[in-house]
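1. this one's sequence-less:
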């Protein structure tokens, strides 16, 4: 469901059903006349009457970022775990495939573009923090454009990132936890996939504990900034503030906090779709 909300009052101005599946991303053209939504497919709609204009085929995974170019002629999109940016012609036939694909070393988390007549500039940031700049005289030659890359590393040679997740079957009698550790270049260092029991929130906490112990045992996180990502808002909230923790899990949360003492660890909540690799490892552990 797509809802139109007054930005000043917060009042609902209208809504319409754009897809039978959950929408992962959407954007509006600069003139405010067209909307593009991303679910199983990309679809463009006329904002005045909500009628579908185009349908685009090509992304097998959930789309994470998407924009219209300034002139409204093209749509740029990137999906979770896909190492490319797709460029779509927004004004051609009703059903189409990507007209151009821009390769990246790692999936994009941000996309922007500037158009000057037919010339097009594309700017993107990858999961590993690498900046990509592309330029071409037109979209037809953009596919062959070689990107300029810029990577900004800190004095301690970057950071270590841990992604963890937990999964349970119905009834909570069987579950799994999974996680992976990468360096600031996105290179996989370690991973785990184990069986656990208990309610879903316990699996999320056990996954965080297992990931932190794996990091300590490996020694790769010494003197480096650590980013720990999970899609469990409650688990991260309890770790940050013990007073908010459920009494049933307080001892487990305290153990996690003790592991973190003396380390430069940033806790970050991310979308479940973004955490798909850790989720797959957790499900493999069941």
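-> All right, it came through fine. Not measured: the values here are computed from a predicted model.
2. For stretch 258-274, which outside residues touch it?
-> 24, 61-62, 64, 80, 163, 209, 212-213, 216, 221, 224-233, 236, 239-240, 279 (Cβ atoms under 8 Å, 6 or more residues apart in numbering). The C-beta positions use only the backbone N, C-alpha and C, and glycine is treated the same way.
3. go on, stretch 234-249?
-> With contact meaning Cβ under 8 Å, 6+ apart, stretch 234-249 is reached by 201-202, 204-205, 208, 230, 250, 253-254, 256-257, 260, 267-269.
4. Of the residues you listed, which belong to strands?
-> When the contacts of stretch 234-249 are checked against strands (DSSP state E), the matches are 230, 267, 268, 269.
5. My guess is residue 39 contacts residue 21. True?
-> Yes - using Cβ atoms under 8 Å as the test, residue 39 is close enough to residue 21 to be in contact (4.3 Å).
6. which one of the two has more residues nearby?
-> Taking neighbours as other Cβ atoms under 10 Å, residue 39 and residue 21 compare with residue 39 leading, 17 against 10.
7. Following the chain past the least confident helix or strand in the chain by mean pLDDT, name the next helix or strand.
-> When the helices and strands of the chain are scored by mean pLDDT, DSSP states H and E, strand 95-97 comes last with a mean of 63. Going down the chain from strand 95-97, the next helix or strand is strand 100-103, by DSSP states H and E.
8. Pull out the buried positions in the next helix-or-strand element following that next one.
-> The first helix or strand that comes after strand 100-103 along the chain, using DSSP H and E, is strand 108-116. For strand 108-116, burial by neighbour count (16 or more other Cβ atoms under 10 Å) applies to 108, 109, 111, 113, 115.
9. average model confidence for strand 108-116?
-> Averaging pLDDT along strand 108-116 gives 89.
10. what's the answer for stretch 42-58, then?
-> Throughout stretch 42-58, pLDDT has a mean value of 89.
11. now swap in stretch 213-223 and tell me
-> Averaging the model's pLDDT scores along stretch 213-223 yields 82.
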